[in-house]
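S.K.: Return atomic coordinates for the entry below.
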Amino acid sequence: MKFEELVNEALKHVEELFPWDLEEELTEGTDLLLLDVREPYEYQAMHIRGSINVPRGVLESACEYEYEETVPELVEARDRDIVVICRSGKRSALAADVMQKLGYRKVRSLKTGLRGWSDYDQELIGPDGEPVDEDTAIDYFTPKLRPEQLGKT
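M.R.: Numbers count the residues shown, from 1 in each chain. Sure thing, here's the model as predicted:
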């Protein structure tokens, strides 16, 4: 099975919301836990204000007590509205699927991820705690694949 197939399988069970829907819920004051599952270096570069970072690689143990990776706010959020966020909406779909299997009841994935959030001209916060300018965000979300990452042609 390939990565895209895994994502598509997860999406059979995961509700997604578009950036404009998330923006509307935030504007309305909906109580959401924004869970960014990217790697710490990605989160530090830019993230949605108020989100927490729990990397995808430690998500399962972060969702339960008695682990070094435990995040109490996440453990106690099983009945809370959670929006899972990543760069493109793929890792977040996989994470949301796993969280549902762990008993989380109101988990959604941000469709198109932070790339879509940025394309929709929504604020992203940089490492200094200040909003990131549009050009910086565009550069960050522009793929930078090396030739060896493209596979054999």
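S.K.: Just the buried positions in the helix ranked longest in the chain, please.
M.R.: If each helix of the chain is counted by residues according to DSSP state H, the longest one is helix 90-101. Going by neighbour count (16 or more other Cβ atoms under 10 Å), the buried part of helix 90-101 is 90-100. Heads up, the C-betas are built off the backbone N, CA and C, glycines and all.
S.K.: Which members of those residues are the farthest-apart pair?
M.R.: With Cβ to Cβ as the measure, no two of the buried residues of helix 90-101 lie farther apart than 90 and 100, at 16.3 Å.
S.K.: All the helices of the chain, residue numbers only.
M.R.: In chain order, the chain shows helices spanning 3-11, 19-27, 40-45, 59-62, 72-75, 90-101, 113-119, 134-141, with DSSP H as the criterion.
S.K.: Can you convert these into a markdown table and add a column each for mean pLDDT?
M.R.: Shown next, in a markdown table, are those (pLDDT from 0 to 100):
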| stretch | mean pLDDT |
| --- | --- |
| helix 3-11 | 95 |
| helix 19-27 | 97 |
| helix 40-45 | 97 |
| helix 59-62 | 98 |
| helix 72-75 | 97 |
| helix 90-101 | 98 |
| helix 113-119 | 97 |
| helix 134-141 | 92 |
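S.K.: So for residue 81, which of the ones you listed sits nearest?
M.R.: Within the helices of the chain, the stretch nearest residue 81 is helix 19-27; the backing value is 8.2 Å (Cβ to Cβ).
S.K.: From the contact counts, what lies against that closest one?
M.R.: In terms of contact count using 3 or more Cβ pairs under 8 Å, 6 or more residues apart in numbering; DSSP states H and E, helix 19-27 is assigned the packing partners strand 32-36, helix 113-119.
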